[in-house]
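In: return atomic coordinates for the entry below.
(2 chains, ligands or ions: 2)
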2 protein chains.
Amino acid sequence: LTSHPEAIIVLPRHKIMKMSVLQEINPNVRNMKPLEYSILAGRLSQIKEELRQGVKKPYQEVLDVYMGDPHKGGVKPLSFVRQVLAACLYPQLVNSSKLPADVRQRAQRLLGRCDGGSVGSYTATRGIPETLIRVSEFITRRDGGVPSNPENIFLSPGSQWSLSILHVLLNPESSPRNGVLSPVPCHNTTTMSVTGLGAVVVPYYLSEEQGWELQVEELHRAMESAKGVCNPIALYIVNPGNPDGHVQSRKSMQEVIRFVSERKLFLLADEVYQDYVFGENSEFVSYKRVLSEMGPPLSDTVELASFHSASKGWMGECGLRTGYMELVNLDPAVMKHIFTMFSTDTCAPVLGQIALDLMLNPPQPGEPSYPLYHMETQNIKNTLAGNGKRAVEVVNSLPGLCCQPLEGGAFAFPKVYLPPSFIQKAKEAGLEPDTFYCSRLLDEAGLLVGPGTEYGQKEGTYHIRFCILTSAEIMEEVLTRLTCFHKQFMKDFS
Amino acid sequence: LTSHPEAIIVLPRHKIMKMSVLQEINPNVRNMKPLEYSILAGRLSQIKEELRQGVKKPYQEVLDVYMGDPHKGGVKPLSFVRQVLAACLYPQLVNSSKLPADVRQRAQRLLGRCDGGSVGSYTATRGIPETLIRVSEFITRRDGGVPSNPENIFLSPGSQWSLSILHVLLNPESSPRNGVLSPVPCHNTTTMSVTGLGAVVVPYYLSEEQGWELQVEELHRAMESAKGVCNPIALYIVNPGNPDGHVQSRKSMQEVIRFVSERKLFLLADEVYQDYVFGENSEFVSYKRVLSEMGPPLSDTVELASFHSASKGWMGECGLRTGYMELVNLDPAVMKHIFTMFSTDTCAPVLGQIALDLMLNPPQPGEPSYPLYHMETQNIKNTLAGNGKRAVEVVNSLPGLCCQPLEGGAFAFPKVYLPPSFIQKAKEAGLEPDTFYCSRLLDEAGLLVGPGTEYGQKEGTYHIRFCILTSAEIMEEVLTRLTCFHKQFMKDFS
Ligand SMILES: Cc1ncc(COP(=O)(O)O)c(C=O)c1O
Ligand SMILES: Cc1ncc(COP(=O)(O)O)c(C=O)c1O
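Out: Ligands and ions are numbered 1, 2, ... in the order given. You can find the predicted model right below:
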């Protein structure tokens, strides 16, 4: 056996390999902007390695609040959810008296819906049929009785994945190209996916001064701006907002619905943060509900996809990678094509499907697991609201930082003033100014937050984003590190 | 609140909805052929419902061996895998003396690699860094020392998902279109994905008479056939074969490698069935290993992606939805784009990542879990080999059915002779003849198998596919039902 130890490590750059010629790969993929995170993640690994090797730094470990990842931020998983999932994986536990009776019953019932009684079997393409019914029942309850048809529910490996419905809607051959109206700032991977599918991202700007409100005139402006560039076919909305933390009012949603109806746009409502609402006068209402309330002809013509995810809710099980999408008012023929596209991937992770079922059907008063479940979720709820308040308070006490009031979501997205001399330094380092700010914050204070560039922002403004769905202790530490660093930063650059 | 109970159930067919106009959706998606499975699955649900309602049938329950889904077919999950996963989900179990010490140690070690010590956190895009190292160590061991770089490993939500690497390689704007050489018969969802991405499937036929051998002359013929139609950029191979059960020889693989090198094709090696080899003179050798053995210039130029999956191996955890892909000889610039595309999806399911780690690094002799693990896996191994032998024996004893010797994989794919009068009936029913055969087999014998149409077959020939990775009891029952049905069928139609 001749082995070539370097064969795949040292790449033969001198050889002309057909696929290696960059021009030949899918130009849409080439146009996808890599995550700023990659830059910072590289530095993060280095720092972690240095700390491991005993290099002295002003901090003992790095705090990473870049993503919306509650468990990473010290939020504890919900006992009930974990107990049921563990029992489904290892059914001997169903007979263990150590687990509450309702946990064991649930596990048994859920396993009964899995082929061969195992979470290791594939399920139907759209998900376990009974789980689809549970999801639609949840939606109906949530929406005050507006009916939901299980046939319109698709479970998928993460709500991000569900956005591949765009693959059905976007015609790569249309000329001009298809466009998708997307907010600025915006959950970043969505805009990447749109680009990757060969469509044009048409930005509409949320109004920072108005607490990141969505203003319908801005949607009209965005449509105008698309003229001659692309043919917009969909509007993407994140409510409650990521990264902005705004929660839309019913009135604003009604305006949006009229707008998409007039302009014949498909409405993509990313509602994964629906549980995270803590603004005093804020309330989450689903687009489906508002649409239904508006009555015909709108309620039976506007085409809508709504997304939710097991990564969110109080359980925050991001690692299970499961979400659902509900489709409203789609033509059955189009539904068939969506089904065919989803069927190439067999099914969503089964434990995630089960977790989604648990998230939408939590223990009820009177059941053995209820008291603990209630306490745990209330704690997380209160912590999130407290963290939100505290973050705004601390950030707004710092010179050059300004955060709009937070009403919901899992993030704070304050504006940060960056002095010209710093911007100059960033240019020299070959980084976006706010990425450079984040990179110094990481180096000097051991705190990893996201730069506004990652999410989009009005030209000439800079922001940082950090997750507020953490434990209260971690939030305090995050704010302390940010405060220390930022005060020194303002001294250094003024 | 005005609610509209029928809003999404009764679809307003008379309204012209922009996206509903079929011509406007992505024509590539429109070209995707729906699974034949959808037709049979509809009937399957009906039958299950009828049985539930007490309708009398010659069987008490349906046996479904359509897919390669071992747990559904009565194969038991591996205790070690389930114990570690349960302990990772519910860490209280790590302290439970009921679980073997090595299980608890593993769980603790694996949890230590998860952010926040929770499987509910997102991981790095390509997967948990330590798991990537474990995967590459496994590959190196498997390939007799050929090195594997963890940086070339991507974990994903199922090996099918990994094929979205095609999204990077296929240029939707190229003219003529890109093509992918794919076997006939072939794992069906791959060809669907190729079509969905706007590329052309260029069929090459495996030689049934030669036990489904891949013949290199046929690859040349396929290339010729593409002239004027498309520009082939990749060759897709399934080894061990699905649905055909052939295991390629080293010599055949060398020929394939020379062929892709000459023709400058990207080699996609679907090697998910690598553990399932039971032919007397068969052995699984990876394409990476053969490539390495062939030395330069081939070994450092041929671009290769190899796939494996947690759905396969002895644990067969299909429901966890995790696979890996190793890339060989790709240009670093292309790697970056692949990374960017993968990063839109955050990461693979974490429990699946952990399961993959366990699958590739099973308990070793001397460890407490080894004896049980060894027994369980040996049982499955022996059962698979026994089922394979038995299936061929029984099938070949039936008139009009003929199965090539099986060397590996999880399926039997016998040819079935369908009389002209039956083909006529199928036409009247609006079904493909072999789908019609399967539909009657389902109705009359309560046995669900796949029609050859689903996987592709030489014009004028018909086949059925069924999973042989089941318990021995279920295999016997499958063969009994098939025998009964088929004998009657031959009587009825001759
Ligand atoms: C607005 C929004 N949509 C979707 C997602 C993706 O969630 P999932 O983990 O279900 O893919 C996120 C994740 O942070 C998000 O912020
Ligand atoms: C050849 C082949 N590749 C890939 C897959 C998909 O496996 P996964 O469950 O990892 O998506 C299958 C599933 O049966 C298969 O047969």
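In: and residue A:87, what does it touch?
Out: Applying CB atoms under 8 Å, 6 or more residues apart in numbering or on different chains, we find residue A:87 in contact with A:93, A:94, A:96, A:99, A:103, A:104, A:107, B:86. Every C-beta, even on glycine, is put in place using the N, C-alpha and C of the backbone.
In: element containing it?
Out: Using DSSP states H and E, the element containing residue A:87 is helix A:79-89.
In: strands of the stretch 301-450 of chain A, start to end?
Out: Secondary structure of the stretch 301-450 of chain A by DSSP state E, counting those that start in this stretch: the strands cover A:304-309, A:323-328, A:401-402, A:411-412, A:415-416, A:447-448, A:450-451.
In: for the last one, packing partners?
Out: So the one you mean is strand A:450-451. If you count contacts as 3 or more CB pairs under 8 Å, 6 or more residues apart in numbering or on different chains; DSSP states H and E, strand A:450-451 packs onto helix A:36-52, helix A:433-445, strand A:464-467.
In: looking at those, which is nearest to chain B?
Out: Among the helices and strands packed on strand A:450-451, the nearest to chain B by CB to the nearest CB is helix A:36-52 (7.4 Å).
In: from the contact counts, what lies against the closest one?
Out: Packing partners of helix A:36-52 (3+ CB pairs under 8 Å, 6+ apart): helix A:433-445, strand A:450-451, helix B:332-343.
In: check whether the last one comes near ligand 1.
Out: Read it as helix B:332-343. No. For helix B:332-343, no contact with ligand 1 is found by CB under 6 Å from any ligand atom; the gap never falls below 12.0 Å.
In: can you list the buried residues in that helix?
Out: For helix B:332-343, a neighbour-count test (16 or more other CB atoms under 10 Å in any protein chain shown) marks B:334, B:335, B:337, B:338, B:339, B:340, B:341, B:342, B:343 as buried.
In: neighbours of residue A:254, how many?
Out: If you count neighbours by other CB atoms under 10 Å in any protein chain shown, residue A:254 ends up with 16.
In: okay but it is in contact with residue A:295, surely?
Out: No. Residue A:254 is not in contact with residue A:295 according to CB atoms under 8 Å; the separation is 11.4 Å.
In: related to what we said a few turns ago, any chance of the helices and strands packed on helix A:36-52 in TSV with distance to ligand 2 and mean pLDDT as columns?
Out: Formatted as TSV, the helices and strands packed on helix A:36-52 follow (distance: least, CB to the nearest ligand atom, whole Å; pLDDT from 0 to 100):
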stretch	distance to ligand 2	mean pLDDT
helix A:433-445	36	98
strand A:450-451	31	98
helix B:332-343	15	93
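In: can you put the ones you listed in CSV and add distance to residue B:313?
Out: Listed next are these as CSV, based on distance: least, CB to CB, whole Å:
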stretch, distance to residue B:313
helix A:433-445, 39
strand A:450-451, 38
helix B:332-343, 23
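In: before we move on, back to that, any idea which of the buried residues of helix B:332-343 is closest to residue B:140?
Out: The closest of those to residue B:140 turns out to be residue B:335 (CB to CB; 19.6 Å).
In: test my guess that that closest one contacts residue B:327.
Out: Yes. In this structure residue B:335 lies within contact range of residue B:327 using CB under 8 Å: 6.8 Å.
In: shared neighbours, the two?
Out: Common contacts of residue B:335 and residue B:327 (CB under 8 Å, 6+ apart): residue B:152.
In: start to end distance for stretch A:447-456?
Out: Start-to-end span of stretch A:447-456 (CA to CA, to the nearest Å) is 21 Å.
In: same thing with stretch A:453-467?
Out: Start-to-end, stretch A:453-467 (CA to CA) is 16 Å.
In: sorry, back to before: out of the contacts of residue A:87, list just those in helices.
Out: Within the contacts of residue A:87, residues falling in helices by DSSP state H are A:103, A:104, A:107, B:86.
In: quick check: closest non-adjacent residue to the third one.
Out: Using CB to CB, 6 or more residues apart in numbering or on different chains and skipping residues adjacent in sequence, the residue nearest residue A:107 is residue A:87, 3.6 Å away.
In: what's the pLDDT at the one you found?
Out: pLDDT, residue A:87: 96.
In: how near is it to residue A:93?
Out: With distances taken as CB to CB, to the nearest Å, residue A:87 is found 4 Å from residue A:93.
In: that older thread, quick one: which of the contacts of residue A:87 is most hemmed in?
Out: Among those, the one with the most neighbours (other CB under 10 Å) is residue A:103, at 27 neighbours.
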